[in-house]
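Asks: quick one: sequence plus predicted model below, questions after.
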Protein chains: 2
Amino acid sequence: MLFSESEYKSRVKKTKKRMEKAGIDVLMSTHPANMNYLTGYDGWSFYVHQCVLVSLDQEEPVWIGRNMDANAAKVTTYLSSENIRNYADDYVHSPIGKHPVDYMVDVIEEKGWEDKTIGLEMDQFYFTHKTYEILAENLSKAEFKDANLLVAMVRQIKSAQEIEFMKKAGKIAEKVMQTGIESVGVGVRECDAAAEISKAQISGTDDFGGDYPAIVPLMPAGDGIDAPHLTWSDRKYEKNEPIILELSGCYNRYHAPMARTVYLGEPPKRMKEITEIVVEGLEETLDFIKPGVTCEAVEEKWRNSIAKGELVDASRLGYSFGLNYPPDWGEQTASMRPHDKTVLKENMTFHLIPIIWQDDIGFEMSSAIRVTEDGCEEFYDFPKKLFTK
Amino acid sequence: MLFSESEYKSRVKKTKKRMEKAGIDVLMSTHPANMNYLTGYDGWSFYVHQCVLVSLDQEEPVWIGRNMDANAAKVTTYLSSENIRNYADDYVHSPIGKHPVDYMVDVIEEKGWEDKTIGLEMDQFYFTHKTYEILAENLSKAEFKDANLLVAMVRQIKSAQEIEFMKKAGKIAEKVMQTGIESVGVGVRECDAAAEISKAQISGTDDFGGDYPAIVPLMPAGDGIDAPHLTWSDRKYEKNEPIILELSGCYNRYHAPMARTVYLGEPPKRMKEITEIVVEGLEETLDFIKPGVTCEAVEEKWRNSIAKGELVDASRLGYSFGLNYPPDWGEQTASMRPHDKTVLKENMTFHLIPIIWQDDIGFEMSSAIRVTEDGCEEFYDFPKKLFTK
């Protein structure tokens, strides 16, 4: 167990408070990060249906998963064994019409929760429409409510130990970015640079090991610089091409993402100018961040700052992040962009990632921060500049 | 583009044939592997809503995704630009009630498909209940049908070029497993071995680079040997512990998974016996595989073979695999287990993965194969034995 039992219990308590406010008796959480957050459960088992149930009338959550993953639940969670429930292997991609959610229905009925108001994460990727259908068909007395971001909202403010984990992820991120900058170069295959980066991510530091980030190394380059989610190939880097490195350190599923841009050769004049504008804008924005300020105000600060240099950033400036699993390290809650009125509080954590495309130039430089008592601090210490080789 | 335009077109044609048979006019595919299969689209963008639409009344599919991913669609797909459609960034995790599926509805209406029978992948993780709700609310004249495995069934039989890709993944898998066996050892941190493995996976061979597998290195060991989906920590391996390595090579999203077991020290007598029984059982089973045989018959052969050695394998013996994205390299179609009456055909591909737990001993050894004209062949050449160090 990575956190104390009391920390898990306090998370469950905060979740139950939100459930009460939303009129939800039982929450079914299928998002792997929420399952981890509420119980400690960890494992690459989220390719089959699994969930955690939180009920107002029971202190401990219930974990439900595949039988071969119950041992991982015993090792990683604080739950007592009666709250670790598992379905047989023939429920998985069954040729005879069985479905893991049938088993979840059985547990809900056994617990006497079949006529309750049940909260569901309606728009999370690990909650399929089929899951909803099976629940609705079999629990005709239940009422269902959308609890899409209910746990994510609790996750938004990190505990002291979570911040420690993210600082360790930040230490790993420094090493990872250094490795990335050293590994790319004219004549090097993209895949070989990506391989060194992944090695650095997983190996971590001498003092503590790394974990797999929720997103693989993203490193658009050359002609593909404007396709930010293209992954590497075995093409060799050429002279006079830009490379964006968007890489995260990860420690026990907690992230510290960082983006930097490298240029192989002498960068175009406009690229140097863009770098200066972005660095200045980012620093001004970081100076502006403190508790009480809204997300939209932070973005406005940024937008106005780079407008002086005639730059436009078409995508959101930043988003809440922390504990997560593939496919995303973001939390889907607050974003720094127009109309987001989230008020910043201490120990909220954001990835600010300016993405600039102008005149065929692609440029990224990011900062991962926590809101402090009276400002913000970065999770890593790494030069904000355009790297050249 | 990795495959010829004619190969993509033939895949779409086969998909349309299945649609016609199922009474489906328009298919909305949200599974990243299906999107790739039908159009070539590749990129780590599946953390936001995206889809491919296939309609019987239009030759080409339509790709719909986020604006910043449209460039990747232009680079990786064979689609003409009018069939690459994208939504603005403020649809993503919107604070103002916008949703990417609203945009998909707009495209469906614009195309005149709003009163058609629309097939949906109802139980795929990238198809949420919310997606269904938005479609149902806005397309009241449409009828919806479950097309959960429609494209996956087409994917089941691989083309000659897909088999070539999987053979290359097999070459990478050989190197990866060799690296894994060399990297583990008494006093080595699990994370450092995982790091070397990941590096080997991504780097690939000197002739061609590797891709990220859909599942990270799985390497349960020691006390955690019975928790197959636990990932690594920074614990150091100790003397006299077993380590299971379940690792894949990956080439252009095509996999070749392999499992082997390593023992640090002199293995217990029963473990050596289990190895012999499993190797013999696996070889007998591979000899039995050929077109015309059913999946359940293959599993029965296996079960009877290991029963002679008083072994039981509680999970399915194998499953169809190939092109995929996280969280799984399996295809969810055919499994080698009781009641699966799938008849084997040439160029179906399976991962046979015996998993044995007995008397605190955990053991895995696998084989990834294609069904040939008159038998089967493995995607890699790697010793089937218990490795000791």
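Replies: Perfect, I can see it now. Numbering: from 1, shown residues only, chains lettered A, B, ... in the order given.

Asks: give me the distance between A:Thr333 and B:Gly322.
Replies: 36 Å (Cβ to Cβ, to the nearest Å). Placement of C-beta: from N, CA and C, glycine included.

Asks: correction: A:Ile361
Replies: For A:Ile361, the distance to B:Gly322 equals 38 Å [Cβ to Cβ].

Asks: higher neighbour count, those two?
Replies: Neighbour comparison, A:Ile361 and B:Gly322: the larger count goes to B:Gly322, with 29 against 18 (by other Cβ atoms under 10 Å in any protein chain shown).

Asks: remind me what the biggest helix by length in chain A packs against, helices and strands.
Replies: Looking across chain A with DSSP state H, the single longest helix is helix A:160-183. Helices and strands touching helix A:160-183, by 3 or more Cβ pairs under 8 Å, 6 or more residues apart in numbering or on different chains; DSSP states H and E, are helix A:190-203, strand A:241-251, strand A:254-264, strand A:367-371.

Asks: okay, now the domains of chain A?
Replies: Domain assignment for chain A by automatic domain parsing gives A:5-155, A:160-388.

Asks: can I get those domains in CSV with distance to B:Glu241 and mean pLDDT?
Replies: Converted to CSV, those look like this (distance: least, Cβ to Cβ, whole Å; pLDDT from 0 to 100):
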stretch, distance to B:Glu241, mean pLDDT
domain A:5-155, 15, 97
domain A:160-388, 17, 97
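
Asks: show me what contacts the residue lying closest to A:Glu364 once chain neighbours are set aside?
Replies: Spatial nearest neighbour of A:Glu364, excluding adjacent residues (Cβ to Cβ, 6 or more residues apart in numbering or on different chains): A:Ala259 at 4.1 Å. Neighbouring residues of A:Ala259 by Cβ atoms under 8 Å, 6 or more residues apart in numbering or on different chains: A:244-247, A:353, A:364-366.

Asks: repeat that for A:Leu120.
Replies: Applying Cβ under 8 Å, 6+ apart, we find A:Leu120 in contact with A:28, A:127, A:132, A:135, A:144-147, B:129.

Asks: and it, how far is that from A:Tyr8?
Replies: A:Leu120 sits 22 Å away from A:Tyr8 when distances are taken as Cβ to Cβ.

Asks: how about A:Ser335?
Replies: Using Cβ to Cβ, A:Ser335 is found at 28 Å from A:Tyr8.

Asks: which one of those two is surrounded by more residues?
Replies: The neighbour count for A:Ser335 versus A:Tyr8, taken as other Cβ under 10 Å, is higher for A:Ser335 (27 against 21).

Asks: for that one, list the residues it contacts.
Replies: Neighbours of A:Ser335 in contact, by Cβ under 8 Å, 6+ apart: A:295, A:316-320, B:93, B:95.

Asks: which members of those are positioned in helices?
Replies: Filtering those for helices - DSSP H - leaves A:Cys295.

Asks: show me the contacts of A:Ser335 that map onto strands.
Replies: Among the contacts of A:Ser335, the ones falling in strands (DSSP state E) are A:318-320.

Asks: from those residues, which is closest to chain B?
Replies: Checking the ones in strands among the contacts of A:Ser335 against chain B by Cβ to the nearest Cβ gives A:Tyr319 as the nearest, at 7.3 Å.

Asks: around chain B, pick out the residues from the stretch 151-300 of chain A.
Replies: Proximity of the stretch 151-300 of chain A to chain B (Cβ under 8 Å from any Cβ of the partner chain) is limited to residues A:189-192, A:194-196, A:198-204, A:208-212, A:215-216, A:218, A:224, A:226-234.

Asks: please enumerate the helices of chain A.
Replies: Assigned by DSSP H, chain A shows helices spanning A:5-22, A:32-39, A:70-76, A:100-110, A:129-138, A:150-155, A:160-183, A:190-203, A:269-288, A:295-307.

Asks: rewinding a little: take the ones in strands among the contacts of A:Ser335 and write them to TSV, including neighbour count and distance to A:Ala22.
Replies: Shown next, in TSV, are the ones in strands among the contacts of A:Ser335 (neighbours: other Cβ atoms under 10 Å in any protein chain shown; distance: Cβ to Cβ, whole Å):
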residue	neighbour count	distance to A:Ala22
A:Gly318	27	27
A:Tyr319	23	23
A:Ser320	23	20
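
Asks: what does the residue lying closest to A:Glu109 once chain neighbours are set aside show for phi and psi?
Replies: Closest residue in space to A:Glu109, ignoring its immediate chain neighbours: A:Leu139 at 7.8 Å, by Cβ to Cβ, 6+ apart. Main-chain torsions, A:Leu139, degrees, to the nearest 10: phi -120, psi 70.

Asks: show me what contacts A:Leu139?
Replies: A:105, A:108-109, A:114, A:118.

Asks: and those, which two are furthest apart?
Replies: Greatest spatial distance in the contacts of A:Leu139: A:Glu109 and A:Ile118, 12.1 Å, computed using Cβ to Cβ.

Asks: from chain B, how far out is A:Pro95?
Replies: Taking Cβ to the nearest Cβ, to the nearest Å as the measure, A:Pro95 falls 4 Å from chain B.

Asks: would you check that that residue makes contact with B:His339?
Replies: Yes: using Cβ atoms under 8 Å, A:Pro95 is in contact with B:His339, at 4.9 Å.

Asks: more neighbours, the two?
Replies: A:Pro95 (18 against 14).

Asks: grab the nearest non-local neighbour of the more buried one.
Replies: Closest to A:Pro95 by Cβ to Cβ, 6+ apart is B:Asp340, at 4.3 Å.

Asks: now swap in A:Asp226 and tell me
Replies: Spatial nearest neighbour of A:Asp226, chain neighbours left out: B:Asn71 (4.7 Å); criterion: Cβ to Cβ, 6+ apart.

Asks: tell me, what residue is most central in chain A?
Replies: Nearest to the geometric centre of chain A sits A:Trp329, at 1.7 Å (Cα atoms, centre = their mean).

Asks: ok, it - contacts?
Replies: Residues in contact with A:Trp329 (Cβ under 8 Å, 6+ apart) are A:213-215, A:248, A:255, A:257, A:321-322, A:351.

Asks: thinking again about what came up before, for the contacts of A:Leu139, which one is nearest chain B?
Replies: For these, the residue nearest chain B by Cβ to the nearest Cβ is A:Ile118; the value is 12.7 Å.

Asks: distance check, that closest one against A:Val62.
Replies: Counting by Cβ to Cβ, the gap from A:Ile118 to A:Val62 is 13 Å.

Asks: and what of A:Ser29?
Replies: Separation of A:Ser29 from A:Val62 (Cβ to Cβ) stands at 11 Å.

Asks: need the residues touching each of those two.
Replies: Contact criterion Cβ under 8 Å, 6+ apart; residues bridging A:Ser29 and A:Val62 by contacting each: A:52-53.

Asks: those two - which one has more neighbours?
Replies: Comparing A:Ser29 with A:Val62 by other Cβ under 10 Å, the one with more neighbours is A:Ser29, at 28 against 23.

Asks: okay, and the beta partners of that one?
Replies: Bridge pairing for A:Ser29 (DSSP bridges) gives the partners A:Val52.

Asks: residues contacting the nearest residue to A:Ile353 once chain neighbours are set aside?
Replies: Distance criterion Cβ to Cβ, 6+ apart; nearest residue to A:Ile353, sequence neighbours excluded, is A:Ser366 at 3.9 Å. Neighbour list for A:Ser366: A:246, A:257-260, A:351-354 [criterion: Cβ under 8 Å, 6+ apart].
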